[in-house]
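K.L.:
I'll drop the sequence and a predicted model, then ask my questions.
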Amino acid sequence: MWDTGAMADIGDIIDNFSVLDDWDDRYRYLIELGRDLPPLPETAHNDANKVQGCASQVWLDTAVRPDGAGSPVLTFVGDSDAHIVRGLIAILFALYSGKSATDILSADAIKLFEEIGLREHLTPQRSNGFRSMVERIRSDAQAALVTAA
C-alpha cells in the first residue's frame with residue numbers, strides 16, 4: 001500500500017472554490033491541489049493504470065481493502081503530465097479515496113464538478129477527461145463490489 005499523505009477535504013475544496021471569485025485564482029488553487037498529491041510510484045505509471053479518454057497522460061492506481069460485513073473500501077493514487085489535470089485528480093480523490101465502494105457509486109462527481117463551476121471553465125477535452133476518470137473510479141468500485149460478493 002502507498003502513502004496517500006494528507007489529502008484535501010472535499011468540503012474545504014468546495015468552500016475554497018466558493019470564496020475565490022477570480023478564475024485565475026481558482027486555476028492557481030486547482031494547480032496547488034495537484035501539487036499536493038502524493039507521488040505516484042514509477043512502477044504505477046503503466047498501461048494498466050492509464051486512463052483512456054484523457055487528452056493528457058493520466059494514471060490511476062486503486063487499492064481495495066475488505067471492510068468486514070460492509071462494502072470494500074477503495075483508496076486511490078494518481079498522476080498526470082498536466083498541472084490542471086493533477087488538480088482534478090486531487091478533487092476526485094478528496095471525494096472518493098478512502099470511501100466504500102457503495103459510497104463511491106452513490107457520489108455524483110459530475111454534479112460537484114458543475115457546482116464548483118469547473119465545467120464551464122475547462123476545455124471540452126478536459127471535461128471529457130474528467131468524466132473518463134470518474135468512470136474509471138466507478139468501474140473500480142463496481143468491480144470491488146462484485147469481487148466482495
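P.N.:
On my side now, so go ahead.

K.L.:
Only the buried residues of the helix or strand containing Asp140, if you could.
P.N.:
Applying DSSP states H and E as the criterion places Asp140 in helix 124-148. Going by neighbour count (16 or more other CB atoms under 10 Å), the buried part of helix 124-148 is 126-127, 129-130, 132-134, 136-138, 140-141, 144-145. C-betas here are computed from N, CA, C, even on glycine.

K.L.:
Can I get those in a markdown table including distance to Leu105 and pLDDT?
P.N.:
Listed next are those as a markdown table, based on distance: CB to CB, whole Å; pLDDT from 0 to 100:
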| residue | distance to Leu105 | pLDDT |
| --- | --- | --- |
| Arg126 | 24 | 87 |
| Ser127 | 21 | 87 |
| Gly129 | 21 | 90 |
| Phe130 | 17 | 92 |
| Ser132 | 17 | 94 |
| Met133 | 15 | 95 |
| Val134 | 11 | 96 |
| Arg136 | 13 | 96 |
| Ile137 | 10 | 97 |
| Arg138 | 6 | 97 |
| Asp140 | 10 | 96 |
| Ala141 | 5 | 96 |
| Ala144 | 10 | 94 |
| Leu145 | 8 | 91 |
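
K.L.:
Give the rounded mean pLDDT of stretch 67-79.
P.N.:
Per-region confidence: stretch 67-79 scores 88 on mean pLDDT.

K.L.:
now the end-to-end length of it.
P.N.:
One end of stretch 67-79 sits 27 Å from the other (CA to CA, to the nearest Å).

K.L.:
And the residue nearest the centre of the chain, how far from Asp21?
P.N.:
The structure's the chain has its C-alpha centroid closest to Leu92; by CA atoms, centre = their mean the separation is 2.5 Å. Between Leu92 and Asp21 the distance is 24 Å, computed by CB to CB, to the nearest Å.

K.L.:
And the strands in this protein?
P.N.:
Using DSSP state E, the strands of the chain run over 58-65, 73-80, 99-100.

K.L.:
Pick the most deeply packed of those strands.
P.N.:
Each of the strands of the chain was scored by mean neighbour count; the highest is strand 73-80, a mean of 22, by mean count of other CB atoms under 10 Å.

K.L.:
what comes up buried for the least confident helix or strand in the chain by mean pLDDT?
P.N.:
None of the helices or strands of the chain scores lower by mean pLDDT, DSSP states H and E than helix 109-115, at a mean of 90. Going by neighbour count (16+ other CB under 10 Å), the buried part of helix 109-115 is Ala109, Leu112, Phe113.
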